[in-house]
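Undergrad: Next come a sequence and a model predicted from it.
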Amino acid sequence: MSTQTGYLLIADISGYTQFLTSSEMDHANPILQSLLGVLIEQVGDPLHFWKTEGDAVLAYSTRQDFPSGETFLTICENLYNAFALRRQDIIANTTCTCNACANVSGLDLKVIAHHGQFEEMQLGPVKDFSGTDIILVHRMAKTKVAEATGVRSYALFSEAAANAMDIKGIVEPFSQEIEHFGNVSMSVYDLAKSWERLRANRERHFLTEEDGVWTFRHHFDAPIAVVWEALVAPELKLKWMNRVQEITVDSPQGRLGNGSGYHCSHELADFFYRITDWEPFDYFSTCIHDPARSGVSLPETYHLTQTHNGTDLRYTMGQAADAEGNRLETSEREISAFLAEFWATSFQELDEQLNASA
């Protein structure tokens, strides 16, 4: 047996027992299989699928696999988003009046996460895990969060997980007595509210290649979540962005996302850009200011696609315009010429760093 340290995650469909016992099995089972299936689809490197247990999908990561808590929190949000969208599709696309189809809206999702140690065991052809931290994360799935907080769709983090993720400023404290563990301190994050806030009054700023004036492509031999984090986390960007000496971030909501601004101090100029559209781990768009011309800005989109052997990145730059909306093609030519060299050199450095860490 080998001991690992990392995150343990349970994505648990709540309302499952009532749904199953009051529904026709020939319709209930396909519905649950569809919902569990979409959760499994969200489990990918650097998170590893462990197994399913009835109404839940279990996953884990090791310390070496996971770069930061921000990425882990985003995965928790993506699990809920995928579940909510699939549930919405099932409701919208059925005219059946059986109990199973009528009660789909009563199903919800909770995500339980702990950070600790676990022993890896090989039981014949099956890999499993054991340890007190495994027991704790399962017990956390039975806590009375909804009754105590009124939050129905939530992520529940142990104190160890919240500390490892450094997210205490955006979660609600919660504690409960758990047998053999005493009073356990935890944190609650409202997944449904996060989903609604992300999409409320949201404008799309996604550039296709046809929308832009210049596109740069690059392939990384790394999972999409790892590439995403390298592209957005300021402490990681500073390691691979060529000749950039300092990066600061302004995040009004306390996390990277729509409205967050970057200031990158390059040897040649200062670059300021703000996130205008944020869809982890699919794409993000920004508006960057031309450092040589006051009042001139350009839209950008970074689009990621998972492939069988890594991640493809498409960077597309849009038309430059001044405050009155007049196009400045000179700005487009100068910035694209700079970026052609900058991205080629910088992404090569990122390639080397990702391959070394792998």
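TA: Nice, thanks for sending it over.
Undergrad: Could you report the separation of the nearest residue to Val137 once chain neighbours are set aside from Asp322?
TA: Leaving aside its chain neighbours, Val137 sits nearest to His114 (4.1 Å; criterion: CB to CB, 6 or more residues apart in numbering). C-beta coordinates here come from the backbone N, C-alpha and C atoms, glycine included. Distance of His114 to Asp322, computed by CB to CB, to the nearest Å: 52 Å.
Undergrad: where does the residue nearest to Val137 fall, phi/psi-wise?
TA: Dihedral pair for His114: phi -140, psi 150, per degrees, to the nearest 10.
Undergrad: Can you give me every residue that contacts it?
TA: Tyr7, Leu8, Asp133, Leu136, Val137, Met140, Phe157, Ser158, Ala160, Ala161 (CB atoms under 8 Å, 6 or more residues apart in numbering).
Undergrad: List the ones among these that fall in strands.
TA: Among the contacts of His114, the residues falling in strands (DSSP state E) are Tyr7, Leu8, Phe157, Ser158.
Undergrad: what sits against the nearest residue to the first one once chain neighbours are set aside?
TA: Closest residue to Tyr7 in three dimensions, ignoring its sequence neighbours and counting by CB to CB, 6+ apart: Ser61, at 4.7 Å. Taking CB under 8 Å, 6+ apart as the contact definition, Ser61 lies against Gly6, Tyr7, Leu9, Pro46, Leu47, His48, Phe72.
Undergrad: Next, give phi and psi for Ser61.
TA: Per-residue torsions, Ser61: phi -140, psi 160 (degrees, to the nearest 10).
Undergrad: ditto for Glu179
TA: phi -50, psi 130.
Undergrad: Tell me how far it lies from Leu136.
TA: Distance check for Glu179 against Leu136: by CB to CB, it reads 11 Å.
Undergrad: same thing with Glu235?
TA: From Glu235 across to Leu136, the span is 30 Å (CB to CB).
Undergrad: can you check Asn242 too?
TA: Taken as CB to CB, the span from Asn242 to Leu136 is 45 Å.
Undergrad: again with Arg86
TA: 29 Å.
Undergrad: returning to that earlier point: so which of the contacts of Ser61 sits lowest on pLDDT?
TA: Among those, Pro46 carries the weakest pLDDT, at 80.
Undergrad: looking at it, it is touching Pro223, isn't it?
TA: Yes. Shown here, Pro46 and Pro223 form a contact pair, counting by CB atoms under 8 Å, at 5.8 Å.
Undergrad: which residues do the two both contact?
TA: Common neighbours of Pro46 and Pro223 are not found (criterion: CB under 8 Å, 6+ apart).
Undergrad: before we move on, the earlier item: Glu179 and Leu136: who's more crowded?
TA: The neighbour count for Glu179 versus Leu136, taken as other CB atoms under 10 Å, is higher for Leu136 (19 against 8).
Undergrad: Number of residues surrounding the closest residue to Ile170 other than its chain neighbours?
TA: The shortest distance from Ile170 to any non-neighbouring residue, by CB to CB, 6+ apart, is to Gly254 (5.5 Å). Around Gly254 there are 10 other residues, counting by other CB under 10 Å.
Undergrad: how far out from the middle of the chain is stretch 75-86?
TA: The chain centroid and the centroid of stretch 75-86 are separated by 10 Å under CA atoms, centre = their mean, to the nearest Å.
Undergrad: What residues sit buried inside it?
TA: Ile75, Cys76, Glu77, Asn78, Leu79, Tyr80, Asn81, Ala82, Phe83, Ala84, Arg86 (16 or more other CB atoms under 10 Å).
Undergrad: what do you get for stretch 81-100?
TA: Here stretch 81-100 shows Asn81, Ala82, Phe83, Ala84, Arg86, Arg87, Ile90, Ala100 as buried, counting by 16+ other CB under 10 Å.
Undergrad: want to throw the residues you listed into a markdown table with pLDDT?
TA: As requested, the buried residues of stretch 81-100 are exported to a markdown table (pLDDT from 0 to 100):
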| residue | pLDDT |
| --- | --- |
| Asn81 | 91 |
| Ala82 | 91 |
| Phe83 | 93 |
| Ala84 | 91 |
| Arg86 | 90 |
| Arg87 | 91 |
| Ile90 | 86 |
| Ala100 | 79 |
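Undergrad: Going by neighbour count, which of the ones in strands among the contacts of His114 comes out on top?
TA: Result: Phe157 is most packed of the ones in strands among the contacts of His114 (other CB under 10 Å), 30 neighbours.
Undergrad: Would you mind stating the distance between the closest residue to it other than its chain neighbours and Val213?
TA: Leaving aside its chain neighbours, Phe157 sits nearest to Ser187 (4.7 Å; criterion: CB to CB, 6+ apart). Going from Ser187 to Val213 by CB to CB gives 45 Å.
Undergrad: Please apply the same query to Gly295.
TA: Taking CB to CB, one finds Gly295 at 19 Å from Val213.
Undergrad: Which one of the two is surrounded by more residues?
TA: Between Gly295 and Val213, counted using other CB under 10 Å, the more crowded position is Val213 (17 against 11).
Undergrad: Tell me the predicted confidence for the more buried one.
TA: The score at Val213 is 98. That number is its pLDDT.
Undergrad: Quick check, Thr345 in contact with Val244.
TA: No. Thr345 is beyond contact range of Val244, at 11.2 Å (criterion: CB under 8 Å).
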